[in-house]
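Q: starting from these lines, generate the structure:
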Amino acid sequence: MTDISVLLADDHALMRESFRALLDVSPGFTPVAEAGTGAEAVRLARQHRPDVVLMDVRMPEMDGIEATRQICGDPETAAVRVLILTTFDLDEYVYSALQAGASGFLVKDATAAELLNGIRLVAAGEALLAPRVTRKLIDAFARPGKRPAGTPRGLETITEREREVLTLIAGGLSNTEIAEHLHLGVGTVKTHIGRLLHKLAARDRAQLVITAYESGLVTAQGAGGFR
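A: Predicted coordinates:
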């Protein structure tokens with residue numbers, strides 16, 4: 001099995017060195033480059049095409065949100081997954097980063113095991129949204145005027161079952177939990193998710209969450225009732 005290639009983007013050299021040391025001794029991971037600025041992260045992502053970028057939010061020249069937007073919006077690097085890693089657990093970063101194309105969030109006090117598992121999940125196309133981060137996203141959409149007007153393109157084409165699955169994804173449930181909730185097989189749930197990704201032109205699970213909230217399919221009041 002091929003190692004997961006990782007680009008480390010953080011303006012603190014000590015932090016990059018710590019991440020690199022962890023990846024160097026962890027089977028299945030290969031750190032391919034380090035960036036100290038957002039602009040450098042974009043350049044190195046184009047050069048190395050890593051599987052995952054560990055992206056800090058606050059960096060000089062260009063912040064991590066804009067760097068994520070450029071990486072995910074460039075056809076040359078569209079397959080690169082971005083995992084935002086920050087000390088700032090703030091809703092404006094959550095929403096902006098997910099809109100920019102990030103596949104998930106981790107805060108820097110995460111354990112080594114959580115970090116490695118997060119990289120694996122994001123590399124596999126999953127979304128990594130910790131419960132407190134999901135709560136921030138829900139709170140952001142609860143504010144008057146936050147939700148954009150209009151229905152996201154493709155939403156009218158999904159089936160009722162796909163709508164149920166999308167709602168549960170936005171509620172933070174895993175594939176196994178969705179399968180149990182709907183009395184389906186996990187393979188069937190994965191099939192529904194694949195169809196949702198195609199119909200809604202979403203790059204990954206995180207983008208499905210954004211679509212569910214922006215469309216009003218999921219509300220802040222209803223999101224907490226799935227567990």
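Q: pLDDT on stretch 122-140, on average?
A: Across stretch 122-140, pLDDT averages out at 67.
Q: same check, this time on stretch 20-36
A: Over the span of stretch 20-36, the pLDDT mean works out to 96.
Q: hey, C-alpha coordinates of it in CSV?
A: Output of stretch 20-36 as CSV, limited to C-alpha atoms (Å, rounded to 0.1, in the frame of the first residue of the first chain):
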residue,chain,number,x,y,z
ARG,A,20,7.7,15.8,10.4
ALA,A,21,9.3,13.8,13.3
LEU,A,22,5.9,12.1,14.0
LEU,A,23,5.3,11.3,10.4
ASP,A,24,8.9,10.0,9.9
VAL,A,25,8.4,7.3,12.6
SER,A,26,4.8,6.5,11.7
PRO,A,27,4.4,3.7,9.1
GLY,A,28,2.2,4.7,6.1
PHE,A,29,3.1,8.3,6.0
THR,A,30,5.7,10.3,4.0
PRO,A,31,6.3,14.1,4.6
VAL,A,32,7.2,15.5,1.2
ALA,A,33,7.8,19.2,1.9
GLU,A,34,7.4,22.0,4.4
ALA,A,35,6.0,25.5,3.9
GLY,A,36,6.3,28.5,6.2
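Q: quick one: buried residues of the helix or strand containing I71?
A: Taking DSSP states H and E as the definition, one finds I71 inside helix 64-73. Of the residues in helix 64-73, those buried under the neighbour-count criterion (16 or more other C-beta atoms under 10 Å) are G64, I65, E66, A67, T68, R69, Q70, I71, C72. From N, CA and C alone the C-beta is placed, and that goes for glycine too.
Q: who touches it?
A: The contact list for helix 64-73, computed with C-beta atoms under 8 Å, 6 or more residues apart in numbering, reads 9, 38-39, 41-42, 45, 53, 55-59, 62, 77-78, 80, 82, 84, 86, 93, 96-97, 100-102, 203.
Q: buried residues in the following helix or strand past it, which are they?
A: Counting by DSSP H and E, the element after helix 64-73 in chain order, helix or strand, is strand 81-86. The neighbour-count criterion (16+ other C-beta under 10 Å) identifies R81, V82, L83, I84, L85, T86 as the buried residues of strand 81-86.
Q: residues contacting strand 81-86, please?
A: Residues contacting strand 81-86 (C-beta under 8 Å, 6+ apart): 10, 51-58, 64, 68, 71-72, 93, 97, 100-108, 110, 115, 118-119, 122-123, 125, 128, 204.
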